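> got a structure for you, letters missing:
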């Protein structure tokens, strides 16, 4: 007895047959696209101004990737504002072809989901993690012309004689913002965070004496400390940073529970072809873990990690939980 095929069944069988033929073709096309990638300039969006930690990392990485890709152009595009949210929103909506990437950081990808009730993008939905590039400790900076303290204990004692503890931040919802609260808990003081639009304005507030201190990334802190413009009272890592080896950690100074850091990594718009993501990840890891790449990153004050895509995905998710608890403890909402 011959099987009976209705028109609907014939259409279904035809669709399955076409899909079966198309699948190998699509796979081959994706592999060819990855093999030829990149064949035009790649743009890395950075949500912070030139000279800041993310910008320094992006430019060092862009140089190494350009060299690895036969001097193919890699452009760093600074889109500062709103604690990196402007850049993240633009990057999330970019064409998912591997030619627009973002140098993301902890605030944009792991803190923002808890601190904003109406975030214009969803980090784990709108991006695919490519590679965590580096981690960065923070340094408590003061203006030596305005603050007499040269270590954390003296700073705390001096602050208690003032009208309050005013700490600058580089924007509401950034790691330095919640780091200020962590510091307050550790030293049993209630900080008053003063939010600035950018690093230039925040450092201006420090120089003028409008604020007493700021938690800045090592990459930003080191040049100012070495030039004698600012004094470093302590760093927030588990160990001292190579960029400022004479600066003790805050933990060393008797505040065992105070340790926090940030990270920077490359993400791409969701639906970027997996083959391109895999190539990008491998090329980034090779670039930053090369002797020259690693040396330059460490010289700038960063700790090189260079993870794969899956590991970076795990880090973003885990830190979203960790920082979410810190945000909840302060009751902060940015909107």
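Everything's here; your move. These figures come from a predicted structure and were not determined experimentally. Numbering: from 1, shown residues only.
> From residue 174, how far out is the spatially most central residue of the chain?
By CA atoms, centre = their mean, the chain has its centre lying nearest to residue 105, at 1.3 Å. Residue 105 sits 8 Å away from residue 174, going by CB to CB, to the nearest Å. Just so you know, the C-beta spots here come from the backbone N, C-alpha and C atoms, and that holds for glycine as well.
> shared neighbours, those two?
residue 84 (CB atoms under 8 Å, 6 or more residues apart in numbering).
> On the three-state scheme, the closest residue to residue 317 other than its chain neighbours is what?
Closest residue to residue 317 apart from its sequence neighbours, by CB to CB, 6 or more residues apart in numbering: residue 124 at 6.7 Å. Three-state call for residue 124 (DSSP: H, G, I helix; E, B strand; the rest coil): helix.
> if we can go back for a sec, give the contact list for the residue nearest to the centre of the chain.
Residue 105 touches 47-48, 53-54, 84, 175, 262-265, counting by CB under 8 Å, 6+ apart.
> check contacts around residue 328.
residue 114.
> in what helix or strand does it lie?
Using DSSP states H and E, residue 328 sits within helix 309-330.
> any low-confidence regions in the chain?
1-33 (pLDDT under 70).
> how about the strands of it, start to end?
42-46, 74-78, 100-105, 127-142, 165-169, 191-195, 213-217, 231-235, 261-269, 303-304 (DSSP state E).
> and the last one, what does it pack onto?
Contact partners of strand 303-304 among helices and strands, from 3 or more CB pairs under 8 Å, 6 or more residues apart in numbering; DSSP states H and E: strand 127-142, helix 291-299.
> what's the most buried one of the ones you listed?
strand 127-142 (a mean of 26; mean count of other CB atoms under 10 Å).
> Now do the buried residues in stretch 271-289.
Of the residues in stretch 271-289, 272-273, 275-277, 279-281, 283-285, 287-288 count as buried by neighbour count, 16 or more other CB atoms under 10 Å.
> ok, now which ones touch residue 172?
83, 115, 193, 195, 332, 334.
> Contact partners for residue 299?
By CB under 8 Å, 6+ apart, the neighbours of residue 299 are residue 243.
> cool, residue 308 as well?
Here residue 308 is in contact with 131, 281, 285 (criterion: CB under 8 Å, 6+ apart).
> any chance of the residues you listed in a markdown table, plus distance to residue 145?
A markdown table is the format used below for the contacts of residue 308 (distance: CB to CB, whole Å):
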| residue | distance to residue 145 |
| --- | --- |
| 131 | 41 |
| 281 | 46 |
| 285 | 44 |
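> quick check, nearest of the residues you listed to residue 307?
residue 131 (5.7 Å; CB to CB).
> Wait, the closest one touches residue 281, no?
Yes. With contacts defined as CB atoms under 8 Å, residue 131 counts as touching residue 281 at a distance of 4.8 Å.
> Give me the common contacts of the two.
With CB under 8 Å, 6+ apart as the test, residue 131 and residue 281 both reach 308-309.
> which residues does the nearest residue to residue 237 once chain neighbours are set aside bridge with?
Leaving aside its sequence neighbours, residue 237 sits nearest to residue 137 (CB to CB, 6+ apart; 3.5 Å). Residue 137 has these beta-bridge partners by DSSP bridges: residue 261.
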